[in-house]
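Trainee: quick check, what structure comes out for this input:
(one chain, ligands or ions: 1)
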Amino acid sequence: MLKNKNIVLGVTGGIAAYKACALTSKLTQKGANVRVVMTESATQFVTPLTFQALSRNPVYTDTFDEKDPHKIAHIDLADWADVVLLAPTTANMIGKIAGGLADDMLSTILLATQAPVYIAPAMNVHMYQHPAVIQNMQKLDEWGYKFIEPGSGYLACGYVGKGRLEEPETIITVLEKDLHVPERLLQGLKVLISAGPTRESIDPIRFFTNHSSGKMGFALAEAAATAGADVTLITGPVSLTTDKPINRIDVNTAEEMYQAMLAHFPKQDIVIKSAAVADYRPTVTYKQKMKKQDGNLSIEMERTNDILKELGRRKQNQFLVGFAAETENVLSYAKKKIEQKNLDAIVVNDVTQSGAGFASDTNQVTYLNRSGMEKQLDLASKQDIAAEVIRLIVQDRTKGEH
Ligand code: PMT
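Mentor: Numbers count the residues shown, from 1 in each chain. Below you'll find the model as predicted:
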């Protein structure tokens, strides 16, 4: 479950920093990409070289130590992270976050990141019980930070009590449970997904369509169902089946998809539009087979309804996600679509890339949200991409308090 997950591990200055070494090693063994950021005090306990060797990545200690001139390191790390884990976390760092301070690399990343942040405190038992620390932790809890509570036992300062950094194995179990698309993630929510192509007939025999197989949309519907959602899947003509509990509605044309989507839209919490809908249809559909004649044939086409745009217009509390299949200026076209169609997020694939887009079993996409966050997902199976997209949607939706 942690394979290929991007984890920023923040290590602050306490004796428990030595346990962060084991944590780094175990996370790396599980296939996570770990980038360690240390406060200056943490470097008094363990050297950056130890974490560099264990994570096989450079270690960050200084906001101004820019390793790549093309990137601003603290923003790049903040955006790169799927999750930020602070272990051990001192009372000082908890106070800094609660006060909104950003005076070193780690606290700056914490202000900039949109990823979930897990805090594993470690300190003396009396420090842990101090009203200032308790109040700061309550504030962070209200802001959505997740705490991995310290254990009780013998502390390095000689006291016995609560304040010992939780064991690396337990910290990893907490992350694994949360980072997978867990069953409860969409529990009680209604999710509407569109998939596949549409067919626009010229006559009873011929039609205009596209290469969409429905694989991306079905993978999304299955990921949402696994996460506990009540899923409605409106699909164009595809040869796929699913054994998940999904309310499947088959349609053919863009107009049928338009009517079905509009009918189901009002009751939904999340709507994901991954179908490749025809933008044009023949102005006339002949009832009888068109007979061939000498010379060229021109067919007049008219615009179909833009379903997503209409959903964007009608949107109330729904979290609305579009897809975009692009062949050039991929990100800038996708950003325009967020505005034009009043979306909360868009998933864009460059369909000229091998292994991405139409009909393949894999995809490579970038998820962009309304507040400018861009998350590029590496080439992976459509199932893995779908699980990650669902996770990003839940994260965004929670922040936006839809
Ligand atoms: O089905 P697969 O073979 O697995 O392939 C997946 C996919 C490539 C089809 C999928 O990943 C994808 O990119 N889907 C969107 C394709 C598309 O139509 O993109 P677009 O940029 O033309 O449209 C933008 C958005 O507007 C889409 O959400 C689309 O559903 C929507 N739209 C478009 C036209 C229209 N008349 N009504 C719409 O709602």
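
Trainee: quick check: residues of the stretch 101-250 of the chain near the ligand?
Mentor: Neighbours of the ligand within the stretch 101-250 of the chain, by CB under 6 Å from any ligand atom: Gly196, Ser212, Ser213, Gly214, Lys215, Met216, Gly217. No exception for glycine: its C-beta is placed from N, CA and C like everyone else's.

Trainee: out of those residues, grab the one that's most surrounded.
Mentor: The most crowded member of these, judged by other CB atoms under 10 Å, is Met216 (31 neighbours).

Trainee: Val351 is in contact with that one, correct?
Mentor: No: Met216 is not in contact with Val351 according to CB atoms under 8 Å; the separation is 11.3 Å.

Trainee: contacts only, for Val330.
Mentor: Ala324, Val348, Asp350, Thr366 (CB atoms under 8 Å, 6 or more residues apart in numbering).

Trainee: check it and give its pLDDT.
Mentor: In this model, Val330 is scored at 96, pLDDT.

Trainee: same question for Lys382.
Mentor: 94.

Trainee: give me every residue that touches the closest residue to it other than its chain neighbours.
Mentor: Spatial nearest neighbour of Lys382, excluding adjacent residues (CB to CB, 6 or more residues apart in numbering): Ala219 at 4.2 Å. With contacts defined as CB under 8 Å, 6+ apart, the neighbours of Ala219 are Ser381, Lys382, Gln383, Ile385, Ala386.

Trainee: do I have it right that Glu166 meets Ser152?
Mentor: No: with contacts defined as CB under 8 Å, Glu166 does not count as touching Ser152, sitting 10.6 Å away.

Trainee: more neighbours: which of these two?
Mentor: Glu166 (22 against 12).

Trainee: so Gly322 sits against Lys273, correct?
Mentor: Yes: between Gly322 and Lys273 there is a contact at 5.2 Å, judged by CB under 8 Å.

Trainee: overlap in contacts of the two?
Mentor: Joint contacts of Gly322 and Lys273 (CB under 8 Å, 6+ apart) are Leu308.

Trainee: skipping its backbone neighbours, what lies nearest the residue of the stretch 1-150 of the chain found nearest the ligand in space?
Mentor: As assessed by CB to the nearest ligand atom, the ligand sits closest to Asn4 within the stretch 1-150 of the chain, at 19.9 Å. Closest residue to Asn4 apart from its sequence neighbours, by CB to CB, 6+ apart: Gly31 at 6.3 Å.

Trainee: could you do Ile15 as well?
Mentor: Counting by CB to CB, 6+ apart, the residue nearest Ile15 is Ala156, at 4.3 Å.

Trainee: could you report the pLDDT at that neighbour?
Mentor: pLDDT at Ala156 comes out at 86.

Trainee: tally of neighbours for it?
Mentor: 13.

Trainee: my guess is the residue of the stretch 1-150 of the chain closest to the ligand contacts Asp378. True?
Mentor: Yes: counting by CB under 8 Å, Asn4 does reach Asp378; the two are 6.9 Å apart.
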